[in-house]
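K.L.:
Give me coordinates for this.
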Amino acid sequence: MQEARLLELKRRSIAKSLLWRFIGIIWTWTGAYLILLFTPPEYKTAGLLATFIVIYHHSTRMIMYYFYERIWAWVAWGKITPDKKDATAMSFSEKILWLIVVTAALIILFLLIILVGPIMKK
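P.N.:
Numbering: from 1, shown residues only. The predicted structure follows:
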């Protein structure tokens, strides 16, 4: 069975990129924080901590990216066939979902800054 060739719109690529970057920021920050928190004092040298963070970051992100792309493969939004010139706009429910996700992402970022910032200064 031959699949129809689909093109990806720029807005889909932008959405995927921004979401992946947001996931990456949260994932790397969380991992680095936990590594700093649980590393025994005798191993807390800059070089060793940097090595732990790099190993954590690159070993987990490759697996995450695979599943991230597989999930996006199921999402039809922003895909068109080459013969179709106009892409369908986002439906009202997709716009509401997009608004909720972006709002939640911003709230999480601000909470991290507001709540965790003072803890890190101690």
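
K.L.:
can you pull out the helices in the chain?
P.N.:
10-38, 46-74, 92-111, 117-121 (DSSP state H).

K.L.:
Name the stretch among the ones you listed that sits most buried.
P.N.:
helix 10-38 (a mean of 14; mean count of other Cβ atoms under 10 Å). Where C-beta positions appear, they are placed from N, C-alpha and C, glycine not excepted.

K.L.:
re the thing from before, figure out which of the helices of the chain is closest to residue 80.
P.N.:
With Cβ to Cβ as the criterion, residue 80 lies closest to helix 10-38 of the helices of the chain, at 9.5 Å.

K.L.:
Could you export stretch 41-50 as CSV, keeping only the C-alpha atoms?
P.N.:
Output of stretch 41-50 as CSV, limited to C-alpha atoms (Å, rounded to 0.1, in the frame of the first residue of the first chain):
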residue,chain,number,x,y,z
PRO,A,41,29.6,16.6,48.1
GLU,A,42,32.8,14.7,47.4
TYR,A,43,31.8,14.4,43.7
LYS,A,44,30.6,18.0,43.3
THR,A,45,33.4,19.3,41.0
ALA,A,46,32.4,21.4,38.0
GLY,A,47,33.8,18.9,35.5
LEU,A,48,32.1,15.9,37.0
LEU,A,49,28.7,17.6,37.4
ALA,A,50,28.9,18.8,33.8
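
K.L.:
Could you list the domains of the chain?
P.N.:
1-88, 90-122 (automatic domain parsing).

K.L.:
Could I get the average pLDDT for the last one?
P.N.:
I take that to be domain 90-122. For domain 90-122, mean pLDDT rounds to 77.

K.L.:
what about that domain, distance to the chain center?
P.N.:
12 Å (Cα atoms, centre = their mean, to the nearest Å).

K.L.:
same check, this time on the longest one
P.N.:
Offset of domain 1-88 from its chain centre (Cα atoms, centre = their mean): 5 Å.

K.L.:
can I get the helices of the chain in JSON lines with distance to residue 82?
P.N.:
Listed next are the helices of the chain as JSON lines, based on distance: least, Cβ to Cβ, whole Å:
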{"stretch": "helix 10-38", "distance to residue 82": "15"}
{"stretch": "helix 46-74", "distance to residue 82": "18"}
{"stretch": "helix 92-111", "distance to residue 82": "23"}
{"stretch": "helix 117-121", "distance to residue 82": "48"}
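
K.L.:
Thanks again, I'm all set now.
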